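# sequence first, predicted model second:
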Amino acid sequence: MIRLEPRREGSRLWQFGAPVAAVLATMLTGGLLFALMGFDPVAAIRTIFWDPLFGAAASYSRPQLLIKAAPLILIASGLAVGFRAGIWNIGAEGQYIIGAICGAAVALAMYPAPGWWIFPAMVIAGAAGGWAWGMIPALLKNWFGASEILVSLMLVYVAQRVAAWMAFGPMKNPEGFGFPGSRNLQQYPAAANPELIAGTGAHWGVIAAAIAVLATWLLMDRHIRGLHIRAAGLAPRAARFAGVRPQVLVAFCLGLSGALAGMAGLFEAAGPAGQITDKIGVGYGFTAIIVAFLGRLHPVGILLAGLLLALTYIGGELAQLMLNLPAASVQVFQGMLLFFLLAFDLLTRFRIRWGKAA
């Protein structure tokens, strides 16, 4: 008989070992899945995890690592703050989309005027748009007790329809020969988010992600608000008796995560994506949830997890080109990573025992 015995205190070994075990288990299970699909499992795993860094295409793939990781780290940094308080923002994808639209709207309103202030104004508008979209579930939770999980998730689909409306309507490029989508912001010097150091992939979004990692670490470990957030997550009732106001934390956490997601959307729209289309949402908001949990809700862990998930994106694209691997298999791969992490997380609070209970 196999049973789970509660630990008197959490296992620090499994707290740090669970993410590593989850990655290894995902590789093994993913290899088995690829074998069942008729692909060489060793070649598939090597293409996803090794070739982007050290293979023949590494000169192209390495810069892409920062480009893919930046929005994941930026969004996950905000999500982790809320998750540690027990506030579950599942709709960062919608905040990402609205932030991209709001930031691009500033650029398109100013087109083709020059000005150094245009890009900073776009960043502020992107953050404000994501913040406003995140405040909708915050206000509904505070005023009516609505679930922030359901409200934020449903708002993702609203944001997607707003993006489609913008791409086919108000933001449609008048010189685009009837095709949907806004003007290419990369061709508008005052609004572009170019590569700052040639050959690295680093743009302003990468700088913002690094600042977000540092800022969230200072917030959680060196600021009284971080103490309130940790207290609310560990013991909500005790935190209320200590003077922590739940409504304030809900607004703060959802607003912060929304603002960071909105900034990520703006940096993507002004950089790698280049324009607002009906496909501006590419799933970064959902993948960032995996990044946050894989990184143990800690800024340094999120930095490493963001790079790892970015590697799966790039490696998945290489596997599609070189091995004809289906695109959906990469999403399955990322999903397995989250499930294995949740499974191994159980061992931080329980130990496996064999035999009958005493």
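Yes, it's here.
# tell me where the stretch 1-150 of the chain has strands.
2-6 (DSSP state E, counting those that start in this stretch).
# residue ranges in the protein under the pLDDT threshold?
In the predicted model, the chain carries pLDDT under 70 at residues 355-358.
# so what's the most centrally placed residue in it up against?
Residue closest to the mean C-alpha point of the chain, counted by Cα atoms, centre = their mean, is residue 288 at 2.4 Å. Residue 288 makes contacts with 71, 72, 75, 76, 79, 92, 261, as judged by Cβ atoms under 8 Å, 6 or more residues apart in numbering. To be clear about C-beta, it is placed using only N, CA and C from the backbone, and glycine gets the same treatment.
# so what's it closest to, chain neighbours aside?
residue 75 (3.8 Å; Cβ to Cβ, 6 or more residues apart in numbering).
# from the contacts of residue 288, which is closest to residue 119?
Closest approach to residue 119 among those (Cβ to Cβ): residue 71, at 17.0 Å.
# is it true that that closest one touches residue 97?
No: the pair residue 71 / residue 97 is not scored as a contact, 11.9 Å apart, by Cβ atoms under 8 Å.
# mind listing what's buried along stretch 112-127?
By 16 or more other Cβ atoms under 10 Å, the buried positions in stretch 112-127 come out as 118, 119, 121, 122, 123, 124, 125, 126, 127.
# tell me the SS of residue 351?
Following DSSP: H, G, I helix; E, B strand; the rest coil, we place residue 351 in the strand state.
# so it touches residue 8, yeah?
No: contact criterion Cβ under 8 Å: residue 351 and residue 8 do not qualify, at 10.2 Å.
# which one of the two is surrounded by more residues?
Between residue 351 and residue 8, counted using other Cβ atoms under 10 Å, the more crowded position is residue 351 (14 against 4).
# for that one, give me its contacts.
Contact analysis of residue 351 by Cβ under 8 Å, 6+ apart lists 4, 5, 7, 11.
# hey, where'd the helices end up in the stretch 51-200 of the chain?
In the stretch 51-200 of the chain, the helices defined using DSSP state H, counting those that start in this stretch lie at 51-54, 58-84, 92-110, 118-144, 148-168.
# got a markdown table for those, with distance to residue 293 too?
As requested, these are exported to a markdown table (distance: least, Cβ to Cβ, whole Å):
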| stretch | distance to residue 293 |
| --- | --- |
| helix 51-54 | 23 |
| helix 58-84 | 8 |
| helix 92-110 | 13 |
| helix 118-144 | 19 |
| helix 148-168 | 15 |
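# select, out of the ones you listed, the one closest to residue 345.
The nearest among the helices of the stretch 51-200 of the chain, by Cβ to Cβ, is helix 58-84 at 13.1 Å.
# by how many degrees do that closest one and helix 92-110 diverge?
Going by axes from the mean of the first three to the mean of the last three Cα atoms, to 10 degrees, helix 58-84 is angled at 110 degrees with respect to helix 92-110.
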